[in-house]
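**Student:** Can you look at this prediction? I've put the sequence above it.
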Amino acid sequence: MSPAYLIVVLAVVATPGVDVLVTLRNTITSGRRAGFGTVLGVGAGSAVQGVLVSVGVGALIVRVQPLFQAIKWAGVAYLVWLGISAWRSALAGRYAEIDGSADAGMARGFRTGALSNLTNPKMLVFYLALLPQFVEPSASAAVWLGHALMLPLIGCAWLAVIVLGASRARETLLRRRTRRVIDAVSGAFLVGFAAKLAREA
C-alpha cells in the first residue's frame, strides 16, 4: 500500500462531513456509548460499500441508475429526517436526563451511523474513482479489500478521537441553551448535506 494512498485517505477522513456531524451530535446528546456506536455504524457502512466495490457490485449499482437513484433519494430523505428531528428538539427545548449506562444509546448510534453511510451512494462513486488509481486491475481480491477497508479503519480511529473530545466537553455542551444551539445548527447542516446530495447526479 503506497504512502500516497494513505495520504489521500487521511485527507478524506479529516474533511468534515455527515459522518463527523452525526457522530458529534450523538456523542453530545446521548453520551460516549452512543458516540462509539455511531463510529462502529459508520465504519460498518463504509466497509460494506468498500467490499461491494472490491467485488464489482459497486460498479453495477452505479451503472443501474434506477437503483443508484433509489439509494440516493433514500439518503436524502434520511438526512432531511435527521435534520428535522434536530430542529424539533431545538424548538421544543425539552431534554430528558440521559442514562449513560443504557445499552440502547449505543444501538441507536450504530443504526444512525450505518444508515447515514449506507444511504450515501457518493461513497460508492468515491471508491470507484479512488481505488483504480492505486490498485492494479490484476491485483488479488485481498489487495483490493485491503485498500478498500483502510478508509473505514482510519475513519473510525479519527471519529473515536472526536468522540473522546466531545464527551470530555459534554457537561458544558449539555446545558439547555447550548444544546438548542447545537441541535439547530446540526439540523441546518444535515438538511444542507441532503440538498447537496439531491443536486448531485
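**Tutor:** Structure received. Numbering: from 1, shown residues only.
**Student:** lowest average confidence, helix or strand, in the protein?
**Tutor:** For the chain, using mean pLDDT, DSSP states H and E, the weakest element among its helices and strands is helix 170-173, scoring a mean of 68.
**Student:** right, and the helix or strand after that helix?
**Tutor:** Counting by DSSP states H and E, the next helix or strand C-terminal to helix 170-173 is helix 176-199.
**Student:** What pLDDT does the model give S30?
**Tutor:** On pLDDT, S30 comes in at 82.
**Student:** Where do the strands of this protein begin and end?
**Tutor:** For the chain, no strands are identified by DSSP state E.
**Student:** which intervals of it have sub-threshold pLDDT?
**Tutor:** Scanning the chain with the threshold set as pLDDT under 70 gives 93-104, 171-176, 201.
**Student:** Most remote residue from the middle of it, which is it?
**Tutor:** S138 (30.8 Å; C-alpha atoms, centre = their mean).
**Student:** quick one: it and A59, what's the gap?
**Tutor:** Going from S138 to A59 by C-beta to C-beta, to the nearest Å gives 17 Å. (C-beta placed from N, C-alpha, C; glycine too.)
**Student:** same thing with V143?
**Tutor:** Between V143 and A59 the distance is 17 Å, computed by C-beta to C-beta.
**Student:** can you check L149 too?
**Tutor:** Remark: distance between L149 and A59 (C-beta to C-beta) = 18 Å.
**Student:** ditto for Y5
**Tutor:** Per C-beta to C-beta, Y5 is found 20 Å from A59.
**Student:** Which one's more surrounded, these two?
**Tutor:** Using other C-beta atoms under 10 Å as the criterion, Y5 and A59 rank with Y5 on top: 17 against 14.
**Student:** now the more buried one, nearest residue through space, not along the chain?
**Tutor:** Excluding the flanking residues, the one nearest Y5 by C-beta to C-beta, 6 or more residues apart in numbering is F134, at 4.4 Å.
**Student:** what about that neighbour, neighbour count?
**Tutor:** Look at F134: counted by other C-beta under 10 Å, it has 17 neighbours.
**Student:** In contact with it, which residues?
**Tutor:** Counting by C-beta atoms under 8 Å, 6 or more residues apart in numbering, F134 makes contact with 1-2, 4-5, 147.
**Student:** Dump these to a markdown table, plus distance to G155.
**Tutor:** Shown next, in a markdown table, are the contacts of F134 (distance: C-beta to C-beta, whole Å):
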| residue | distance to G155 |
| --- | --- |
| M1 | 16 |
| S2 | 19 |
| A4 | 18 |
| Y5 | 14 |
| H147 | 14 |
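**Student:** Please tell me which one of the residues you listed counts the most neighbours.
**Tutor:** Within the contacts of F134, H147 tops the neighbour count with 22 neighbours, counted by other C-beta under 10 Å.
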